[in-house]
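sequence and computational prediction follow.
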Amino acid sequence: MRFTNGLFKLISLCLLAGVLVAGMLFPVFGALGVASNRASDTIDSAQAEMVDVPPALITTITDNKGTPIATLYDQYRIPVASDQISPIMKAALISIEDRRFYEHHGVDWKGTFRAALSTSGGNQQGGSTLTQQYVKNYLINVVYRGNKAEQKKAQEPTIARKMREARIALQLEQKMSKEQILTGYLNVVEFSNEIYGIGAAAKAYFDTTPDKLTLTQAAMLAGMVNNPTVYNPWKDGPKTIERRNLVLKTMAETGRLAKQARGYGVTT
């Protein structure tokens, strides 16, 4: 039964890959009909929204001397630039979420097929790249932040949603550098408790800035993005630490953890 399910998923993913490739070749072979035109319009619209709709920021109220007295926000977010994020934070995120981030072009077909086969064997493993996750998180947390219905659509476990997300990711990789995508992702992703982006997360959880995060701090935050509700240190410390340790282990396995730092916090 597991083999059958895995084969079915593999075939479905192959079909999805074929549709995506056909879609990417549409400008050359432009005879796919009205349906393809509408799909392209929808994707182009989503891309435009990702550019035109800025993330929600915080508003600080001060007294007549400029001293902050209150902070208002819908989403607690402190935007940061790429050089304001520590390399160890980036390494932790890539290790646990997308090991082949610098190798693929938006969609990791090898990882996607491997995830399908792994899932059929009883192991739950994601196949989305950081670029795809960036698209999904931007639509949910920024573009549709006040629209529950659209947020739900952006998370539907359907081939249509994955196809749209993947194609936007492929096109984004043609327009943005890897560092821009990685920074964009880290500025919009949720870290639980209405905390969005690495700037706000570093401040809220460790009272520091992203460039000063330690190895274990970075590992904990990288582990949270998979499921901010489950991996919430204020609600379930042991589970969050377990996830952090997995990130550290993964960093060691991928060679992104310096030899002198290996074992740092892994068993605590």
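Sure thing, it's come through.

can we go C-alpha only for contacts and neighbour counts from here?
Noted.

residue contacts, Trp234?
Contacts for Trp234 (CA atoms under 8 Å, 6 or more residues apart in numbering) come out as none.

mind pulling up the pLDDT for it?
As predicted, Trp234 sits at a pLDDT of 93.

from Glu156, how far off is it?
Distance, Trp234 to Glu156, using CA to CA, to the nearest Å: 28 Å.

what's the answer for Pro210, then?
The gap separating Pro210 from Glu156 is 32 Å, by CA to CA.

in terms of neighbours, single out the busier of those two.
Neighbour count, other CA atoms under 10 Å: between Pro210 and Glu156, Pro210 has more, with 27 against 12.

test my guess that Ile85 contacts Pro210.
Yes - counting by CA atoms under 8 Å, Ile85 does reach Pro210; the two are 4.8 Å apart.

Leu170: how many residues sit nearby?
Using other CA under 10 Å: Leu170 sits among 18 other residues.

just to be sure, it is in a helix?
Yes - according to DSSP: H, G, I helix; E, B strand; the rest coil, Leu170 belongs to a helix.

name the nearest residue to it, sequence neighbours excluded.
Spatial nearest neighbour of Leu170, excluding adjacent residues (CA to CA, 6 or more residues apart in numbering): Gly106 at 4.6 Å.

for that neighbour, give me its contacts.
For Gly106, the contact set (CA under 8 Å, 6+ apart) comprises Thr129, Leu130, Thr131, Gln132, Ala166, Ala169, Leu170, Gln171, Leu172, Glu173.

neighbours of the first one, how many?
By that I understand Thr129. For Thr129, the neighbour count with other CA under 10 Å is 25.

kindly report the same for the second one.
Counted with other CA under 10 Å, the neighbours of Leu130 add up to 25.

how close does it get to Gln180?
From Leu130 to Gln180 the distance is 12 Å (CA to CA).

also the fourth one?
Distance, Gln132 to Gln180, using CA to CA: 14 Å.

which of the two has more neighbours?
Comparing Gln132 with Gln180 by neighbour count (other CA under 10 Å), the higher total belongs to Gln132, at 25 against 14.

the stretch 151-268 of the chain: strands as residue ranges?
All strands of the stretch 151-268 of the chain, identified by DSSP state E, counting those that start in this stretch, fall at 195-196.
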